[in-house]
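# 3D, please:
(chains A and B)
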There are 2 protein chains.
Amino acid sequence: MIVVVALNPALDVTHHVDDVDWTGVNRPAGVRESPGGKGLNVARTLHSLGADVLLLGLAGGSSGAVLQSALRASGVRAVFTEIAAGTRRTFAVVDTGRGDVALFNEPGPPVAAAEYARFLDTYTEALATSAAVVLSGSLPAGLPPDTYADLTRTAAAAGVPVLLDTSGEALLHGATAGPAMVKPNLAELAAAVGRELALTGPSDRAAVIEAAAELRDRGPDAVVVSLSAEGLLEVTNEGTWMAEPRRVAGNPTGAGDAAVAGLAHGLVLGQSWQDRLRHAAALGSAAAAAPAAGEFGHANYDLALSSVEVTRLEVE
Amino acid sequence: MIVVVALNPALDVTHHVDDVDWTGVNRPAGVRESPGGKGLNVARTLHSLGADVLLLGLAGGSSGAVLQSALRASGVRAVFTEIAAGTRRTFAVVDTGRGDVALFNEPGPPVAAAEYARFLDTYTEALATSAAVVLSGSLPAGLPPDTYADLTRTAAAAGVPVLLDTSGEALLHGATAGPAMVKPNLAELAAAVGRELALTGPSDRAAVIEAAAELRDRGPDAVVVSLSAEGLLEVTNEGTWMAEPRRVAGNPTGAGDAAVAGLAHGLVLGQSWQDRLRHAAALGSAAAAAPAAGEFGHANYDLALSSVEVTRLEVE
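Sure, this is the predicted structure:
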């Protein structure tokens, strides 16, 4: 079983409006409400892959209730620890005429120490039957930045490898606790090593590899950097690989989460570093082409898998 | 007791954002959720005035549950008939830097015949102890445009006068059922009589009076036209009056709803046409100055009441 932890999930509300009047009254043609946040995307992708997945999260208020029932309808097994404050919403306004999207992310709810303690009981219990843990997304208010580090150590004590996908302080602390993998994107990696990184030409790649190796030195077995349409770069103790998928325009958030699902799935299947990376890159590519985060077409995945190029890079 | 009917209330969600990026990601500094819709504004204003008010509405889903509990907290007595579909939300983005407001009004939920029948039982029972009824706002999907006409006739059969504040087909049908008052704004009056109306100079006033008289001929005892900051125009069988308040910049929706509350309050207090109009105009003026619809400052009301000028107009 793969446990996916979503401490700060969201209820995503999307309004579709034809030619928005940003200073006046609009009547959305369509309103869509769906469970969101990175952890939920990862869990849905794993569920679509046929993996045995259990989502553990925090949820509260009416938005939390809607999120839980929508997730239940999608068939993903989940246990939510109830919190007093309401689950955050994101509001997206899609201008179907101009193609613009405006996103409004509400701040996450505060989490009390007693609520987190209840979550921790559920988490510790689930570890006994888990093959891997995915810790995904931001931390809600009230939880300290070393929360993921603690969850990683707890999993390690139970012999369960952890894949960590977060940013900022939570990533820095979490990396030192020795997860099996961390998966920053380029901006998150740059923030973690404290210097600017770009990927505009082949000469930039060496700097990214160096930064990933530097982050790996702090504790993780492997660092996988998601580079949007460029693909995935993987730095491990056995070597460095680059997976370059067929180019697809699309949703980079969904792609990163799908890649995390692929990495976790490859881990529990006992795949080699190269095969995991190929699986993750193909899933990312298929997810980027899907209309909503957490979804992908299996035919697109098969097509992407056959066209991903995985290259071993020689690093001095 | 004054019964206020809100068949299509809303849960108003407001995000305050400093300098919105309409094509990117925003993190609202403040999120506010409050019960909304014209009927709820009228009921809250009447409650603030100390009137005995009962709100009757339809509500469903998680947004309906939030709306009901928030309204309960405000002390307004309310009975909601449960519907299967979810209460609509409005989503306002206030750009605190530029001062712009973008409003996204979700479509209202569909209402089934059996759900409306249950509402009608509650309404009919409440009429037995009512001194007046206010029918306010748009009709949700699934209810025919003569719904307000039916509710007006049912009230008339119980000897209870009706104040109708709606627009379009619902206003045209409702007016023929003989309510005590209808309260269109200038655009709604123009749509009802099928010709353009403006109020840019004193000569335009005659055309507005003529249109109001034409609408009155279709059934209502009185037509009160709300003219934003210009005030209120009242056409009755006893004469025509204009109430001109002190000018205040502010929220015209809230002002119209507060004026309706004042007209209903004046009606049950047995006030003359002039006094009702003065009361309504002062409330509208005080509400326009308030930060949120359905609210007003009592000191602002007292100040406005002393400065409203009510003039009897001679009409040929």
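# And what about A:Val31, helix, strand or coil?
Going by DSSP: H, G, I helix; E, B strand; the rest coil, the secondary structure assigned to A:Val31 is strand.
# quick one: it and B:Pro109 touch, right?
No. Taking CB atoms under 8 Å as the contact criterion, A:Val31 and B:Pro109 are not neighbours in contact, 10.8 Å apart. C-beta here means a position set from N, CA and C on the backbone, and glycine is covered the same way.
# Among the two, which residue is more densely surrounded?
It is B:Pro109, of A:Val31 and B:Pro109, that has more neighbours when counted by other CB atoms under 10 Å in any protein chain shown, with 23 against 16.
# my guess is that one meets B:Ala141, correct?
Yes. B:Pro109 is within contact range of B:Ala141, at 7.1 Å (criterion: CB under 8 Å).
# Neighbours of A:Thr200, how many?
For A:Thr200, the tally of surrounding residues (other CB under 10 Å) stands at 6.
# wait, does whatever helix or strand A:Gln68 lives in contact chain B?
In the assignment (DSSP states H and E), A:Gln68 maps to helix A:61-73. Yes. Where contact is defined by CB under 8 Å from any CB of the partner chain, part of helix A:61-73 touches chain B, namely A:62-63, A:65-66.
# mean confidence for that helix?
The pLDDT scores in helix A:61-73 average 92.
# In contact with the spatially closest residue to A:Ala65 that is not a sequence neighbour, which residues?
The shortest distance from A:Ala65 to any residue that is not its chain neighbour, by CB to CB, 6 or more residues apart in numbering or on different chains, is 5.9 Å, and that residue is B:Ser62. In this structure, B:Ser62 makes contact with A:62-63, A:65-66, B:86, judged by CB atoms under 8 Å, 6 or more residues apart in numbering or on different chains.
# Can you tell me how far B:Ser62 is from B:Ala126?
Distance of B:Ser62 to B:Ala126, computed by CB to CB, to the nearest Å: 27 Å.
# do A:Leu227 as well
Summarising the geometry, the distance separating A:Leu227 from B:Ala126, computed by CB to CB, is 64 Å.
# Same check on A:Phe296?
Taken as CB to CB, the spacing of A:Phe296 relative to B:Ala126 amounts to 54 Å.
# Settle it for me: which of these two has more neighbours?
Remark: of A:Phe296 and B:Ala126, A:Phe296 carries more neighbours, 27 against 19, as counted by other CB under 10 Å.
# and the more buried one, helix, strand or coil?
For A:Phe296, the secondary-structure state derived from three-state DSSP is coil.
# Residue nearest the middle of chain A, spatially speaking?
A:Asp257 (3.6 Å; CA atoms, centre = their mean).
# hang on, the earlier thing: so what secondary structure elements neighbour the helix or strand following the helix holding A:Gln68?
Next along the chain after helix A:61-73, taking DSSP H and E as the criterion, comes strand A:77-82. Counting by 3 or more CB pairs under 8 Å, 6 or more residues apart in numbering or on different chains; DSSP states H and E, the packing neighbours recorded for strand A:77-82 are strand A:53-59, helix A:61-73, helix A:113-127.
# Neighbouring strands - and their directions - for strand A:77-82?
With DSSP bridges as the test, strand A:77-82 is paired with strand A:53-59 (parallel).
# Report the contact partners of A:Thr154.
Residues touching A:Thr154, when contacts are defined by CB under 8 Å, 6+ apart, comprise A:120, A:123-124, A:127.
# Tell me which helix or strand A:Arg89 sits in.
With the criterion set as DSSP H and E, the secondary-structure element containing A:Arg89 is strand A:88-95.
# contacts for that strand?
With contact meaning CB under 8 Å, 6+ apart, strand A:88-95 is reached by A:8, A:10-20, A:36, A:63, A:100-109, A:140, B:13, B:15, B:91, B:93, B:102, B:104.
# quick revisit: tell me the one of the residues of helix A:61-73 next to chain B nearest chain B?
When those are compared for distance to chain B, the smallest value, 3.9 Å, is given by A:Ser62; criterion: CB to the nearest CB.
# now the closest one: how far from B:Arg32?
Computed as CB to CB, the A:Ser62 to B:Arg32 distance reads 15 Å.
# do the same with A:Arg88
Summarising the geometry, the distance separating A:Arg88 from B:Arg32, computed by CB to CB, is 14 Å.
# When these two are compared, which one has more neighbours?
Set side by side, A:Arg88 and B:Arg32 show unequal neighbour counts under other CB under 10 Å, the larger going to A:Arg88 at 25 against 13.
# so what's the more buried one closest to, chain neighbours aside?
The shortest distance from A:Arg88 to any residue that is not its chain neighbour, by CB to CB, 6+ apart, is 4.4 Å, and that residue is A:Glu106.
# Can you name the residues that contact that neighbour?
Contacts for A:Glu106 were tallied using CB under 8 Å, 6+ apart; they are A:10, A:88-91, B:15, B:28, B:31.
# mind listing the strands in the stretch 101-250 of chain A by residue range?
All strands of the stretch 101-250 of chain A, identified by DSSP state E, counting those that start in this stretch, fall at A:101-105, A:132-136, A:162-165, A:181-182, A:222-226, A:232-235, A:240-244.
# Would you mind checking the contacts of A:Thr154 for buried ones?
Among the contacts of A:Thr154, those that count as buried by neighbour count (16 or more other CB atoms under 10 Å in any protein chain shown) are A:123, A:127.
# Just name the closest of the contacts of A:Thr154 to A:Val193, please.
A:Val193 lies nearest to A:Tyr123 out of these, by CB to CB, at 29.6 Å.
# With adjacent residues omitted, what lies nearest to that closest one?
Sequence neighbours aside, A:Leu56 is the residue nearest to A:Tyr123 in space, at 5.7 Å (criterion: CB to CB, 6+ apart).
# Show the pLDDT at that neighbour.
The confidence metric pLDDT takes the value 98 at A:Leu56.
# Just to check, it is in contact with A:Pro9?
No. Assessed by CB under 8 Å, A:Leu56 is found out of contact with A:Pro9, at 10.6 Å.
# So between those two, which is more surrounded?
Taking other CB under 10 Å, A:Leu56 and A:Pro9 do not tie; A:Pro9 has more neighbours (31 against 21).
# What subset of the contacts of B:Ser62 is buried?
Among the contacts of B:Ser62, those that count as buried by neighbour count (16+ other CB under 10 Å) are A:62-63, A:65-66, B:86.
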